[in-house]
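In: Dropping a prediction and its sequence here:
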There are 2 protein chains.
Amino acid sequence: MQLSKSSQYAIRILAFMANHQEMQPMNANKLSEELLIPYKFLTKIMNELVKADLIVSIRGREGGYSFAKPPSEIIIDEILAIFHDSIKDEQCVLGIGFCNGMCKCALHDQWMEPKILMQKMFRESTLEKIAGQGCKI
Amino acid sequence: MQLSKSSQYAIRILAFMANHQEMQPMNANKLSEELLIPYKFLTKIMNELVKADLIVSIRGREGGYSFAKPPSEIIIDEILAIFHDSIKDEQCVLGIGFCNGMCKCALHDQWMEPKILMQKMFRESTLEKIAGQGCKI
DNA sequence: CTTAATTACCACCTTTAGGTAGAATTAATT
DNA sequence: AATTAATTCTACCTAAAGGTGGTAATTAAG
Ligand code: SF4
Ligand code: SF4
């Protein structure tokens, strides 16, 4: 019942970068040390963010990563989607999906509420908002 | 962002059994066929439920599984705990846990609400309530 | 031109979740 | 006592998540 490490790390990385835009491009070593994320795993994740066009990378000396678009335009759910982690509408707490509307289990209605709140949280939060509070996470 | 298969299956199995208490003891073959859960995996799960004292098993011919206590006394969270799936108070959407209260990320407050709803759902639903609606899940 | 600093790529390793196989054990029926 | 229908136990297999290693490619600085 939690996000994958890749998603968690990606959000933290991007939030940190958003909080330190003056340091762009920011290199993998710095990110790895600051956020205590294994270097090799981090570069793998960064590479996926580059392929997904959230980040642009500059190779070679003085290189690193910068945003491909302003953090205010990056939605958390966009990040989760890259790692196949966003919450589908039909996602059910028992792994079944759409039961017949006439015949729902007692968890159905109770599950809707938190599910919608989480979807809302992921779909309506931008990186800028998250980063805003300025704390290293 | 979902329960493990073991937890999902366990809830469905127990709910089905609660809906058919007149058929106790109920054997693994029946459960496997009705709920479309792989037989061998199901027996493994049942065995864990037995060890956790939710279910008692009767071996040999005419054997099967029955409740060790009435479904009205079995809490969903109890089931999740067996499979290390219940939601801890300190569980954080970014996998960090308790950040300093002074310095929380912008997801913190948004996460609290769905988390508490899910904890409530799992901690306050009994099997009897879930089973009540009588639909096979 | 050389070197150092950087990301990209490919292949692998480790752990965990999910699932399977088969023999051992148990108890009612015949 | 043998048969049969059931659970239990031990061990294994497979796929996915999480993580690591080595090297090629790229670029700025000296
Ligand atoms: S009724 Fe229950 S099992 Fe069916 S989709 Fe809703 S939550 Fe899932
Ligand atoms: S502040 Fe953010 S990172 Fe820290 S515990 Fe709360 S949700 Fe997790």
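Out: Alright, I've got the coordinates. Ligands and ions are numbered 1, 2, ... in the order given.
In: now the angle from the lengthiest helix in chain A to helix B:106-124?
Out: With DSSP state H setting the assignment, residue counts place helix A:107-124 as the longest helix in chain A. Helix A:107-124 runs at 170 degrees relative to helix B:106-124, counting by axes from the mean of the first three to the mean of the last three C-alpha atoms, to 10 degrees.
In: Quick check: residues of chain A near ligand 2?
Out: residue A:137 (C-beta under 6 Å from any ligand atom). All C-beta atoms are positioned from the backbone trio N, CA, C, and that covers glycine.
In: could you pull out the helices for chain A?
Out: Listed from the start of the chain, chain A has helices (DSSP H) covering A:5-19, A:28-35, A:39-51, A:76-82, A:107-124, A:127-131.
In: could you dump the ones you listed to a markdown table with distance to DNA strand C?
Out: Formatted as a markdown table, the entries for the helices of chain A read as follows, by distance: least, C-beta to the nearest atom of the strand, whole Å:
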| stretch | distance to DNA strand C |
| --- | --- |
| helix A:5-19 | 11 |
| helix A:28-35 | 3 |
| helix A:39-51 | 4 |
| helix A:76-82 | 14 |
| helix A:107-124 | 18 |
| helix A:127-131 | 19 |
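In: Tell me how far the most far-flung residue of chain A relative to its centre lies from residue A:109.
Out: Relative to the average C-alpha location in chain A, and by C-alpha atoms, centre = their mean, no residue lies farther out than residue A:102, which sits at 35.8 Å. When distances are taken as C-beta to C-beta, to the nearest Å, residue A:102 and residue A:109 turn out to be 14 Å apart.
In: can you list the residues of chain A near ligand 1?
Out: For chain A, the residues found near ligand 1 under the criterion C-beta under 6 Å from any ligand atom are A:92, A:93, A:94, A:96, A:97, A:98, A:99, A:104, A:105, A:107, A:108, A:111.
In: now with 5 Å?
Out: Taking C-beta under 5 Å from any ligand atom as the contact definition, chain A meets ligand 1 at A:92, A:94, A:96, A:99, A:104, A:105, A:107, A:108.
In: And the last one, how close does it get to residue B:125?
Out: Distance, residue A:108 to residue B:125, by C-beta to C-beta: 11 Å.
In: just the second one next, same as before
Out: Here residue A:94 is placed at a distance of 12 Å from residue B:125 (C-beta to C-beta).
In: Then the fourth one?
Out: Relative to residue B:125, residue A:99 is positioned 17 Å away (criterion: C-beta to C-beta).
In: same question, the first one
Out: Computed as C-beta to C-beta, the residue A:92 to residue B:125 distance reads 15 Å.
In: Quick one: low-confidence residue ranges for chain A.
Out: For chain A, the stretches flagged by pLDDT under 70 are A:100-101, A:132-136.
In: try 50
Out: Residues of chain A that meet the criterion pLDDT under 50 are absent altogether.
In: In it, what residue comes closest to ligand 2?
Out: residue A:137 (4.3 Å; C-beta to the nearest ligand atom).
In: With mean neighbour count and distance to DNA strand D as new columns, can the helices of chain A be given to me in a markdown table?
Out: As requested, the helices of chain A are arranged in a markdown table below (neighbours: other C-beta atoms under 10 Å in any protein chain shown; distance: least, C-beta to the nearest atom of the strand, whole Å):
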| stretch | mean neighbour count | distance to DNA strand D |
| --- | --- | --- |
| helix A:5-19 | 22 | 4 |
| helix A:28-35 | 16 | 9 |
| helix A:39-51 | 16 | 4 |
| helix A:76-82 | 20 | 12 |
| helix A:107-124 | 17 | 17 |
| helix A:127-131 | 21 | 20 |
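In: Out of the ones you listed, which is closest to residue B:53?
Out: For these, the distance to residue B:53 is smallest for helix A:107-124, at 23.1 Å, taking C-beta to C-beta.
In: what's the offset of that closest one from the middle of its chain?
Out: With C-alpha atoms, centre = their mean, to the nearest Å as the basis, helix A:107-124 stands 17 Å off its chain's centre.
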